[in-house]
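Asker: model this:
(chains A and B)
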Amino acid sequence: MNKTASIIITLGLVIALYVVFTGSSKSEVVANNVEIRNGIQYVTINAGGGYSPGISSAQAGIPTKLVMKTKGTYDCSLSLAIPSINYQNILPQTGDTEIDVGTPEIGKPLRGICGMGMYNFAVNFN
Amino acid sequence: MLMTYTFHVSGTHCAACKILIEDILKEQDFIKSAKVDLNKKTVEINTDSDKNQGELAQILTEKIKSNGYILSVEKLILEKKSDDVIWKAIPIGLVFLVLFFLLQKSGILNFSIGGKTTPTTSFIIGLIASVSSCLAIVGGLILSLSAKIAKDDDDELKRKPFILFHLGRLLSFAILGGVLGLIGGAIGINFTFSAILGIIASLVMIILGINLLGIFKKNTLTLPSHIFSFFRKVEHTTLAPIVVGVGTFFLPCGFTQSMQVVALSSGSFMSGLLIMFAFALGTLPVLAFLSFGSVSFAHSTYAPLFFKSTGVVVLGLGVFALLAGLAGLGIINPLFSI
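Answerer: Alright, predicted model coming up:
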């Protein structure tokens, strides 16, 4: 193969890889996934083939719980780690799991990641 | 009059090449004997031909060119041919990577199975897991080790480590699954341990990927001697491939982990055993294809292209797994969500 052609194809493929990795996915949809009941803020995240929504916004300064929803999930999103609160657990295949994350401060987003590191989500607190 | 000449030969990538070249050369009636030295990459022939060495090199190259070998009087400095191969291999490897990650991103593999997990469902989950990004780390590890072994060794040795590896994997999944079923929820599967194991696996993939690419001089990146001797062990001893197979039980993989949880809660040795064994069996077709496919490719004309393309794929998966593993441990911020 011609070297120049190869370099052009290679560049094209590298760009394609970049798009695949950074391209928008369902996680961009900002769902109404935050609610406050009895003074506790619940942030609901669906786990299954990744986490959605990928980025959520919630209020700072309120006791907050994450609700991880799974429904017949078998992939990596089950093995959840939240390094900042030292949380590591394998979620049930189906069910809701509440995780107490304390009272978040402004500007300190909460990051969750699956055990293998390929899926993640973040909750921003304002 | 009998003359002895020594030629430099290029394109010898495996031990079987020695036999092939010698056979072809000996078929020529003007050649009395031919001997290939793989280490020096030379061929020594005895001939009664009255042609000079340069002419002989040309005539003989014609005979073995179709198999990818070239004879020359002077040592070819940095064969131009291998240069071409790498320019083909990079796009081919990248195409595989793009397709692989597109498949993950497409969401086709995101499925949900309700109800109770039976050995049948865990077999299906195994099939899906074997093409998921989760098994990229296991598949990538197998592919890199297979290609490395296929490249290094001669024929008889090649298949044995893979058979041992797959046996070790199937048996350990069954037995460890049974143990999980027996002890129940008493133990947790340690994240940090499996994440560290995953990072080691990704480093092995990166090193072997670079090695397979052969972009460094002499086609080998110099490995520290103890790592090198580890690879030799994987290739030659009975125990090492089994240990690597067992190790895949602990590699970070969401599918494996969720099956382990199912086994944990299954309540008996037999049911845990069946679930993990069925899962491992489901992953077998793709993984076996990766390892035995490498061996077959190693003997074709496309061997150099195959090894270099594999190098690109393995390197890509290794970097992906390393970044993901570091993010999983909380050392770096996640760079992607695929």
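Asker: mind checking which helix or strand of chain A has the lowest mean pLDDT?
Answerer: Within chain A, no helix or strand scores below helix A:3-22, which has a mean of 80 by mean pLDDT, DSSP states H and E.
Asker: For that one, name the packing helices and strands.
Answerer: helix B:80-106 (3 or more C-beta pairs under 8 Å, 6 or more residues apart in numbering or on different chains; DSSP states H and E). Just so you know, the C-beta spots here come from the backbone N, C-alpha and C atoms, and that holds for glycine as well.
Asker: Going by neighbour count, which residues of the helix it packs on are buried?
Answerer: For helix B:80-106, the neighbour count (16 or more other C-beta atoms under 10 Å in any protein chain shown) marks B:82, B:84-98, B:100-102, B:104-105 as buried.
Asker: Let me know the angle separating the least confident helix or strand of chain A from helix B:80-106.
Answerer: 20 degrees (axes from the mean of the first three to the mean of the last three C-alpha atoms, to 10 degrees).
Asker: follow-up on the earlier one: show me which of the buried residues of helix B:80-106 neighbour chain A.
Answerer: Filtering these for proximity to chain A (criterion: C-beta under 8 Å from any C-beta of the partner chain) leaves B:84, B:87-88, B:90-91, B:94-95, B:97-98, B:101-102, B:105.
Asker: what's the closest of the residues you listed to B:Leu287?
Answerer: B:Leu97 (18.5 Å; C-beta to C-beta).
Asker: Now for the closest one: which residues touch it?
Answerer: Contact analysis of B:Leu97 by C-beta atoms under 8 Å, 6 or more residues apart in numbering or on different chains lists A:13, A:17, B:312-313, B:316-317.
Asker: can you check B:Leu284 too?
Answerer: By C-beta under 8 Å, 6+ apart, the residues touching B:Leu284 are B:126, B:130, B:166, B:170.
Asker: After the particular helix or strand that has it in it, which helix or strand is next? Please name it.
Answerer: Using DSSP states H and E, the element containing B:Leu284 is helix B:269-297. Proceeding N to C from helix B:269-297, the next assigned helix or strand is helix B:303-328, under DSSP H and E.
Asker: from memory B:Lys35 sits against B:Glu22, does it?
Answerer: Yes. Between B:Lys35 and B:Glu22 there is a contact under C-beta atoms under 8 Å: 6.9 Å.
Asker: more crowded one of these two?
Answerer: B:Glu22 (17 against 14; other C-beta atoms under 10 Å in any protein chain shown).
Asker: Once you drop chain neighbours, what's closest to that one?
Answerer: Spatial nearest neighbour of B:Glu22, chain neighbours left out: B:Ala34 (4.9 Å); criterion: C-beta to C-beta, 6 or more residues apart in numbering or on different chains.
Asker: go on, B:Ala136?
Answerer: Once flanking residues are discounted, B:Ala136 sits nearest to B:Leu317: 5.0 Å by C-beta to C-beta, 6+ apart.
Asker: Next one: that neighbour relative to B:Ile206, how far apart?
Answerer: Distance check for B:Leu317 against B:Ile206: by C-beta to C-beta, to the nearest Å, it reads 9 Å.
Asker: of these two, who's got more company?
Answerer: Under the criterion of other C-beta under 10 Å, the comparison of B:Leu317 against B:Ile206 puts B:Leu317 first, with 26 against 20.
Asker: which residues touch the more buried one?
Answerer: Going by C-beta under 8 Å, 6+ apart, B:Leu317 touches B:97, B:100, B:136-137, B:139-140, B:202, B:205.
Asker: got it, and B:Thr42?
Answerer: B:6-9, B:36.
Asker: Using JSON lines, please lay out those residues together with secondary structure and neighbour count.
Answerer: JSON lines is the format used below for the contacts of B:Thr42 (DSSP: H, G, I helix; E, B strand; the rest coil; neighbours: other C-beta atoms under 10 Å in any protein chain shown):
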{"residue": "B:Thr6", "secondary structure": "strand", "neighbour count": "14"}
{"residue": "B:Phe7", "secondary structure": "strand", "neighbour count": "23"}
{"residue": "B:His8", "secondary structure": "strand", "neighbour count": "16"}
{"residue": "B:Val9", "secondary structure": "strand", "neighbour count": "26"}
{"residue": "B:Val36", "secondary structure": "strand", "neighbour count": "22"}
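Asker: Using CSV, please lay out those together with pLDDT and distance to chain A.
Answerer: Compiled in CSV, these are given as follows (pLDDT from 0 to 100; distance: C-beta to the nearest C-beta, whole Å):
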residue, pLDDT, distance to chain A
B:Thr6, 84, 33
B:Phe7, 85, 28
B:His8, 84, 25
B:Val9, 83, 24
B:Val36, 85, 30
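Asker: For B:Thr248, state which of these is nearest.
Answerer: Using C-beta to C-beta, B:Val36 comes nearest to B:Thr248 of the contacts of B:Thr42, at 37.5 Å.
Asker: My read is that the closest one contacts B:Thr12, right?
Answerer: Yes. The pair B:Val36 / B:Thr12 is scored as a contact, 7.2 Å apart, by C-beta under 8 Å.
Asker: returning to that earlier point: Provide a ChimeraX selection command restricted to the buried entries of the contacts of B:Leu97.
Answerer: Listed next is the ChimeraX selection for buried residues among the contacts of B:Leu97, using 16+ other C-beta under 10 Å:
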select /A:13,17 /B:312,313,316,317
